[in-house]
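1. how would this look folded up:
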Amino acid sequence: MEDCLARIFTHPVIQAPMVGVSTPQLAAAVSNAGGVGSLGIGASSVAAAQHMIEETRGLTSAAFNVNVFCHPPAQRDQVLETAWIEYLTPLFHEFDVSPPADVKEIYKSFVEDDEALRMLLAMRPAIVSFHFGLPPQEHINALRDAGIITLATATNLSEVRLIEDAGIDAIVAQGIEAGGHRGQFDLSEHDLGLSMSVLMRLLVRNTRLPVIAAGGIMDTRGVKAALTLGAAAVQMGTAFILCPESGADSAYRAALKSERAADTRLTSAISGRPARGLANRFMEIGSIGPRVPSYPVAYDIGKTLYAVSKAQGSDAFGAYWAGQGAALAREVPAAVLVASILSGI
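-> So this is what the prediction gives:
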């Protein structure tokens, strides 16, 4: 474990495991280029996740990260869910389609997914990272006993204390600039919205664990700045979206290459949890509607609305997750991007 941890911080570029963007091809390309690739399996079935890990192993012998979601299981509320469907119904009618009659919890949280734990223990990826919180201590202990390095996302010092107490190996410090879902543990608590630089300085002063900086880092200068702030490594997600190996579709790529990349916003309307992406109509409509159902129940109808609109040529409802540095994204192969960053450090 110590050798793998040392390798991560010797080659300090970690590709963020953005679901829908991360692929075996992207993870392997980053790892083969000297960084650390990542797979986001939080929205995948256990069988699909295992296949992704096996496919990545077929493309690289280097270490890579597997990320899981540790959100609280959805709190179902029929009245709330019905009100949300009714609120979005006019949007479906714009495309001459009826909305779904109900919504579902479209994937399980790792906190209650023993099958996913057994799969990870059998596959033994070098690294497993946690987002939205932490799994039961027994899960963490089992992963670490199997020689797997563990990482967890934090957005404030209170979360860091929980991560330290759980025996996690390193912390991903997610600034408010970061694209995709906020890693906030408890949505009932006020989100301090700390920038990457402020959060980094607080964590470096207040934790003994290695800290990985995340949020707004797009190039060599951004990496250097984070390392100067005390980061042991950096995690970059938006920077890899335009790489040919990413899973972003053509509409996502076109939006990121347009003027829209300059405007990213946080919204809970699409999925039920705060996430940063390219501003769109869904964010505007959702911000003035009724209370959004729990994550990932809200995501069920959000994905359905996007599929309906996409089929008719509209990108107004896509979850194009991206950070505040989106306008700096480059359309180059992942190996080229990693090499250019590492050569300048």
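2. if I look at Cys243, how far off is Arg330?
-> 9 Å (CB to CB, to the nearest Å). C-beta: built from backbone N, CA, C; applies to glycine.
3. have a look at those two and say which one is more surrounded.
-> Taking other CB atoms under 10 Å, Cys243 and Arg330 do not tie; Cys243 has more neighbours (25 against 13).
4. can you check the pLDDT for the more buried one?
-> Looking at Cys243, its pLDDT is 98.
5. quick revisit: find residues that contact each of Cys243 and Arg330.
-> Leu337 (CB atoms under 8 Å, 6 or more residues apart in numbering).
6. number of nearby residues for Ala101?
-> 7.
7. could you check how far it is from Tyr299?
-> Ala101 sits 17 Å away from Tyr299, going by CB to CB.
8. what does Ala226 give?
-> 30 Å.
9. then Ser188?
-> 19 Å.
10. so for the two, which sits in the more crowded spot?
-> Tyr299 (25 against 6).
11. got the contact list for Ile41?
-> Each residue near Ile41 by CB under 8 Å, 6+ apart is listed here: Pro17, Val19, Ala48, Ala49, Met52, Ile53, Val66, Asn67, Val68, Ala116.
12. what do you get for Thr220?
-> Ser340, Ile341, Ser343, Gly344, Ile345.
13. least confident secondary structure element in the protein?
-> helix 2-10 (a mean of 68; mean pLDDT, DSSP states H and E).
14. ok, then the element right after that one?
-> strand 13-15 (DSSP states H and E).
15. output the contacting helices and strands for that next one.
-> helix 24-32, strand 37-40, strand 233-236, helix 334-344 (3 or more CB pairs under 8 Å, 6 or more residues apart in numbering; DSSP states H and E).
16. what strand or helix carries Asn65?
-> With DSSP H and E as the test, Asn65 turns up in strand 64-69.
17. what does that strand contact?
-> Strand 64-69 has contacts (CB under 8 Å, 6+ apart) with 14, 17, 27-28, 30-31, 36-43, 49, 53, 56, 107, 109-110, 116, 120, 125-132, 135, 151.
18. pLDDT value on the nearest residue to Ala326 once chain neighbours are set aside, please?
-> Nearest residue to Ala326, sequence neighbours excluded (CB to CB, 6 or more residues apart in numbering): Ala261, at 4.1 Å. Per-residue confidence at Ala261 stands at 97 (pLDDT).
19. then the one 3 residues further on?
-> Reported pLDDT at Thr264 in the predicted model: 98.
20. check the one 3 residues further on too.
-> pLDDT, Thr267: 96.
21. could you pull up the residues touching it?
-> Taking CB under 8 Å, 6+ apart as the criterion, Thr267 is in contact with Pro274, Ala275, Gly277, Phe282, Met283, Gly286, Ser287.
22. let's go with 7 Å and repeat that
-> Contact analysis of Thr267 by CB atoms under 7 Å, 6 or more residues apart in numbering lists Ala275, Met283, Gly286, Ser287.
23. same question, Arg253
-> Shown in contact with Arg253 (CB under 7 Å, 6+ apart): Leu242.
24. hey, where'd the strands end up in the stretch 151-300 of the chain?
-> Remark: strands assigned in the stretch 151-300 of the chain by DSSP state E, counting those that start in this stretch are 170-174, 180-181, 211-214, 233-236, 264-267, 275-278.
25. mind checking pLDDT for Gly286?
-> At Gly286, pLDDT is 84.
26. out of everything not next to it in sequence, what's closest to it?
-> Looking at Gly286 with CB to CB, 6+ apart, the closest residue is Ala269, at 2.2 Å.
27. what's the spacing between the closest residue to Asp191 other than its chain neighbours and Ser22?
-> Excluding its sequence neighbours, the residue lying closest to Asp191 (CB to CB, 6+ apart) is Gln184, at 5.6 Å. Separation of Gln184 from Ser22 (CB to CB) stands at 21 Å.
28. any weak-confidence spans in the chain?
-> Applying pLDDT under 70 to the chain picks out residues 1-5, 7-8.
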